[in-house]
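Colleague: Can you look at this prediction? I've put the sequence above it.
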Amino acid sequence: MYILKCSNGTYYTGSTIDLEKRILQHQMGEAANYTRKHAPVNLVYFEEFSMIETAFFREKQVQNWSQKKKEALIQGKLADLKKESRKKR
């Protein structure tokens, strides 16, 4: 599971079995429509899993988070992550 920061300041969350190849695809406009429209992108966070299914589950979980909650994860701010988790959407 990985998080990219797009040129417009938003985050894109995805999962892959080959992170290096997937980042290159995003940079070349050969991946998701969203990142194609908001390139260039920078890898700001990733987690590794032994099974792609687990990574996909985590991707879907993080995709539903607010920008502030994603930023807390990216920055490793556990207290802020917990605080953002308690907020209602």
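Modeller: Received the coordinates, thanks. Residues are numbered from 1 along each chain as shown.
Colleague: When you work out contacts or count neighbours from here on, use the C-alpha atoms and nothing else.
Modeller: Noted.
Colleague: Pull up the per-residue confidence for Y45.
Modeller: What the model reports as pLDDT for Y45 is 98.
Colleague: actually R89, sorry about that
Modeller: In this model, R89 carries a pLDDT of 51.
Colleague: Pretty sure G14 sits against M1.
Modeller: Yes - counting by Cα atoms under 8 Å, G14 does reach M1; the two are 5.7 Å apart.
Colleague: Mind listing the shared neighbours of those two?
Modeller: Here G14 and M1 have 56, 59 as joint contacts, going by Cα atoms under 8 Å, 6 or more residues apart in numbering.
Colleague: which residues of the protein fall in helices?
Modeller: Using DSSP state H, the helices of the chain run over 19-27, 33-37, 52-63, 67-75, 78-86.
Colleague: For L81, which non-adjacent residue is closest in space?
Modeller: Sequence neighbours aside, A72 is the residue nearest to L81 in space, at 5.2 Å (criterion: Cα to Cα, 6 or more residues apart in numbering).
Colleague: again, but for P40
Modeller: S7 (5.6 Å).
Colleague: Identify the residues contacting that neighbour.
Modeller: By Cα under 8 Å, 6+ apart, the contact set of S7 is 38-41.
Colleague: Tell me the pLDDT of it.
Modeller: At S7, pLDDT is 96.
Colleague: I am finished for the moment; much appreciated.
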